[in-house]
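Asker: Predicted model, plus sequence, below.
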Amino acid sequence: MTLSPLFWTYVKVVLLVATVPAIVGFVIVLAERRIMGFMQARLGPNRVGPQGVLQGLADLVKLVTKEDITPAKAEKAVHFLAPVLAVIPALTALAVIPFGPPVRIGKNMIPLWVADINIGLLFLLAITSIGVYGIILGGWSSNNKYSLLGGLRSAAQLVSYEVPMGLALVSVLLMSRSLSLVEIVRRQEATHLWFFFPGMIAFFIYFVAGVAETNRNPFDLPEAESELVSGFNTEYSGVKFAFFFLGEYTAMIIISCVAVTVFFGGWLQPFPHVKALQFLGLVPGAVWFLLKVGGFIFAYIWFRSTFPRYRFDQLMALGWKWLIPISLANILVVAFAILLFPGRTTGLVWLSWAFSGVFVVMYLLAKLRQKLAKRDRLAAVPQTVES
């Protein structure tokens, strides 16, 4: 029986809207709390259900049944719509993410994405930038000084880090000659080269900017508990707070999915042209995609567990003084490499070797600086004289 493509589109939309909140609530949050507990030498949630696996359900029940309080002098309409504006664009952006190659169900070939549009990356940048306005409006509408400061910080981060994120993706466009996420994966498959290798600097800039765009450590200035009580969401509780929570974690998933798609081959297995690793092709493409995304989610958790929060001036300096100039220089290098070499693959290979050399030199310089700093500290310690 052959079903219409529109039917499968509706099925995929329902699955995305239903499964992503469940994954956020029951998998990512539990994994984050348990991994953070391990990294910080504590237990984490372990009371609700076997080994704490039902903690997400308990949190959901708590948030749904909690009293919803709106400040008396708040802008009530905007205060109500801000959480919705934070979560709806995040769920909408998942529509253009290719989770795997097309699969056969009966007589139907079903692509594992809702829509493959030829401006997929532009659509993602546009729709995800709308979600940040939910945080800004939520902080402004609460009629609370701490919330307003959190909203202002969020606006500054939006302006500062949208630019390097977009510029980092420009180098991928130069290498793939396409804005379609599906086509970018297929170009990586055709060249037998993940764009991470010729785009190491672009990936670094993109991921740092992505962490800042999702307001996660060490860039969680809009909700700095030690400074702003809870920042932009101080006056939110219950379901409204849950919407902000869901929007933040969905944004994490989107940043991770885009990083996997444009830099790490999407659903492609690692090194498919290496004969010794041919057995990896037995793993379905969708599984490879989810494993890669899981690695990025783990990186988010790792950052939260270990990195201290940046000061606000450091946050601005990193974006404007470092990331934007480096991303512009990276675009020039990638463009010249593609122009100078007649074959696209040859230019990308040369870029891979060049950037690998740059990172090796940077690592060696960092180790040298560390040793010199240790030597200076030891020299500054006064020598004790035995009597």
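Answerer: Arrived safely, thanks for sending. Numbering: from 1, shown residues only.
Asker: check contacts around residue 226.
Answerer: Contact analysis of residue 226 by C-beta atoms under 8 Å, 6 or more residues apart in numbering lists residue 309. C-beta: built from backbone N, CA, C; applies to glycine.
Asker: Secondary structure element holding it?
Answerer: helix 225-228 (DSSP states H and E).
Asker: List the buried residues for that helix?
Answerer: The neighbour-count criterion (16 or more other C-beta atoms under 10 Å) identifies residue 228 as the buried residues of helix 225-228.
Asker: next one: stretch 166-183
Answerer: For stretch 166-183, a neighbour-count test (16+ other C-beta under 10 Å) marks 166-176, 178-183 as buried.
Asker: quick one, strands of this protein?
Answerer: Secondary structure of the chain (DSSP state E): strands at 103-105, 108-110.
Asker: Just want the most central residue of the chain.
Answerer: residue 255 (2.9 Å; C-alpha atoms, centre = their mean).
Asker: Please work out the average pLDDT along the lengthiest helix in the chain.
Answerer: Of all segments of type helix in the chain, defined using DSSP state H, the longest is helix 344-380. Helix 344-380 carries an average pLDDT of 83.
Asker: ok, and for that helix, which residues are buried?
Answerer: For helix 344-380, burial by neighbour count (16+ other C-beta under 10 Å) applies to 344, 347, 348, 349, 351, 352, 355.
Asker: same thing with stretch 307-316?
Answerer: Buried residues in stretch 307-316, counting neighbours by 16+ other C-beta under 10 Å, are found at 309, 310, 312, 315, 316.
Asker: what do you get for stretch 102-114?
Answerer: 110, 111, 112, 113, 114.
Asker: I figured the second one hits residue 104, correct?
Answerer: No. Residue 111 is not in contact with residue 104 according to C-beta atoms under 8 Å; the separation is 11.1 Å.
Asker: circling back to that earlier point, how about the contacts made by the residue nearest to the centre of the chain?
Answerer: Going by C-beta under 8 Å, 6+ apart, residue 255 touches 207, 210, 211, 213, 214, 296.
Asker: before we move on, what about residue 48?
Answerer: 54, 55, 57, 58.
Asker: what two of these are the furthest from one another?
Answerer: Spanning the widest gap among the contacts of residue 48 are 55 and 57, at 7.3 Å by C-beta to C-beta.
Asker: With neighbour numbers in mind, choose between those two.
Answerer: Comparing residue 55 with residue 57 by other C-beta atoms under 10 Å, the one with more neighbours is residue 55, at 21 against 14.
Asker: distance of the more buried one from residue 26?
Answerer: As defined by C-beta to C-beta, to the nearest Å, residue 55 lies at a distance of 9 Å from residue 26.
Asker: And residue 57, by the same measure?
Answerer: Applying C-beta to C-beta, the value for residue 57 to residue 26 is 7 Å.
Asker: Residue 8 now?
Answerer: From residue 8 to residue 26 the distance is 26 Å (C-beta to C-beta).
Asker: Kindly report the same for residue 289.
Answerer: For residue 289, the distance to residue 26 - C-beta to C-beta - is 20 Å.
Asker: Pick out whichever of the two has more residues nearby.
Answerer: Using other C-beta under 10 Å, the more surrounded residue of residue 289 and residue 26 is residue 289, with 25 against 17.
Asker: nearest spatial neighbour of the more buried one, skipping sequence neighbours?
Answerer: residue 267 (4.5 Å; C-beta to C-beta, 6 or more residues apart in numbering).
Asker: Ramachandran angles for that neighbour?
Answerer: The phi and psi values for residue 267, taken as degrees, to the nearest 10, are phi -90, psi 0.
Asker: isn't it right up against residue 101?
Answerer: Yes. Counting by C-beta under 8 Å, residue 101 is a contact partner of residue 267 at 5.7 Å.
Asker: Now the common contact residues for those two.
Answerer: With C-beta under 8 Å, 6+ apart, residue 267 and residue 101 have common neighbours 112, 285, 286.
Asker: export those residues to TSV and tack on pLDDT and distance to residue 138?
Answerer: Formatted as TSV, those follow (pLDDT from 0 to 100; distance: C-beta to C-beta, whole Å):
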residue	pLDDT	distance to residue 138
112	87	34
285	88	38
286	91	35
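Asker: Nearest to residue 129 among these?
Answerer: Nearest to residue 129 among these, counting by C-beta to C-beta, is residue 112 at 25.6 Å.
Asker: From residue 105, how far out is the closest one?
Answerer: For residue 112 relative to residue 105 (C-beta to C-beta), the value is 11 Å.
Asker: now residue 239
Answerer: From residue 239 across to residue 105, the span is 35 Å (C-beta to C-beta).
Asker: Also residue 44?
Answerer: Computed as C-beta to C-beta, the residue 44 to residue 105 distance reads 39 Å.
Asker: for the stretch 151-300 of the chain, what spans make up the helices?
Answerer: With DSSP state H, counting those that start in this stretch as the criterion, the stretch 151-300 of the chain has helices at 181-191, 200-213, 225-228, 238-263, 285-306.
Asker: And these: which comes nearest residue 377?
Answerer: With C-beta to C-beta as the criterion, residue 377 lies closest to helix 285-306 of these, at 22.4 Å.
Asker: What are the buried residues along that closest one?
Answerer: 285, 288, 289, 290, 292, 293, 296, 297, 300, 301, 304.
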